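Colleague: Okay, sequence plus prediction incoming.
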Amino acid sequence: MLHHYVVPLAAFAVAALVFTITPGLDTVMILRTAAADGRRCAAGAILGIGAGLSLWGIGAVFGLTALLAASATAFMAVKFAGALYLAWMGIGLLLRPRSGLTAPEERASAHKQSTHPFWMGFQRGLLTDILNPKVGIFVITFFPQFIPHHVDMALFTLLQAFIQVVLSVLWLGLLVLLTVPLAGFFNRPTVMRRLDRLTGLIFIGFGAKLFMTHNPH
């Protein structure tokens, strides 16, 4: 009975790894967060992305992702919310680029708001994935291709989601480890401003791409 799961899950893991390491919105967001906000914020963002992927996986089990694909209204609502969120972040980075990793006034503001960097990153990562319907569409179009006959579909889907989350956390964590040591370079005012503006443009580009995405069904 176990072999009915092991081989298909191994094949899925290989395919999911290729998908995971392909640069996308999560990669850009994590690299920028690690460079600009530090390791704690980046760690929170990684776990936020993992939580978002987990929710999409659970949604697939209960048919919520299928509803997203079948309902034009639901798809449009999530798509517009995600596109606006990305545009809002991108415009903010373009209009207010930082001159350093953490400006004194930003530290004071964070202290007043009592917002821990980890939870700030977690919210950022979670919203980035939850408000991206393309992740849901990926789950319902990619996951089923590896589900064999004669298995518990709900259990298999949860295992797939678990594998996807683990791969994402490991890969993004590696990116953070490679980025944080370069903090001295990124802390240069010119570099920081250019990084923020470039990231802002990329976020706006992803938002526009998301806005133009059509429901596959």
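Modeller: Received, thanks. Numbering: from 1, shown residues only.

Colleague: alpha carbons only for contacts and neighbour counts from here, please
Modeller: Fine.

Colleague: By residue count, what's the longest helix in the chain?
Modeller: Assignment by DSSP state H gives helix 153-179 as the longest helix of the chain.

Colleague: List the buried residues for whichever strand or helix holds F80?
Modeller: Element membership for F80 (DSSP states H and E) is helix 72-95. For helix 72-95, burial by neighbour count (16 or more other C-alpha atoms under 10 Å) applies to 75-76, 78-87, 89-91, 93-94.

Colleague: and what of stretch 33-49?
Modeller: Applying 16+ other C-alpha under 10 Å to stretch 33-49 flags 33-49 as buried.

Colleague: okay, and the helix or strand of this structure with the least pLDDT?
Modeller: Within the chain, no helix or strand scores below helix 104-113, which has a mean of 45 by mean pLDDT, DSSP states H and E.

Colleague: immediately after that one, which helix or strand?
Modeller: helix 117-130.

Colleague: Residues in contact with that following helix: which ones?
Modeller: With C-alpha atoms under 8 Å, 6 or more residues apart in numbering as the test, helix 117-130 has contacts from 26, 29, 33, 37, 40-53, 55-56, 82, 86, 135.

Colleague: at 10 Å instead, please
Modeller: Helix 117-130 is touched from outside by 25-26, 29-30, 33-34, 37-56, 78, 81-83, 85-86, 89, 110, 116, 135-136, with contacts defined as C-alpha atoms under 10 Å, 6 or more residues apart in numbering.

Colleague: And the average pLDDT for it is what?
Modeller: Mean pLDDT, computed over helix 117-130, is 91.

Colleague: Then stretch 82-96?
Modeller: 82.

Colleague: OK, contacts around L53?
Modeller: Counted by C-alpha under 10 Å, 6+ apart, L53 has contacts 47, 59, 126, 129-130, 135-136, 139, 161-162, 164-165, 168.

Colleague: Which PyMOL command selects the buried ones in these?
Modeller: Command for PyMOL that selects the buried part of the contacts of L53, burial taken from 16+ other C-alpha under 10 Å:
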select buried, resi 47+59+126+129+130+135+136+139+161+162+164+165+168
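
Colleague: list the contacts for the residue most central in space within the chain?
Modeller: Taking C-alpha atoms, centre = their mean, the centroid of the chain lies closest to D26, which sits 3.8 Å from it. D26 makes contact with 20, 32, 45-46, 49, 125, 128-129, 168, 172 under the criterion C-alpha under 10 Å, 6+ apart.

Colleague: among those, which two are most distant?
Modeller: T20 and R32 (17.4 Å; C-alpha to C-alpha).

Colleague: my guess is A87 contacts T199, does it?
Modeller: No. Judged on C-alpha atoms under 10 Å, A87 makes no contact with T199 at a distance of 11.2 Å.

Colleague: what is in contact with those two at once?
Modeller: The contact sets of A87 and T199 overlap at 93, 205 (C-alpha under 10 Å, 6+ apart).

Colleague: Quick one: low-confidence residue ranges for the chain.
Modeller: 1-3, 64-70, 98-115, 180, 182-187, 214-217 (pLDDT under 70).
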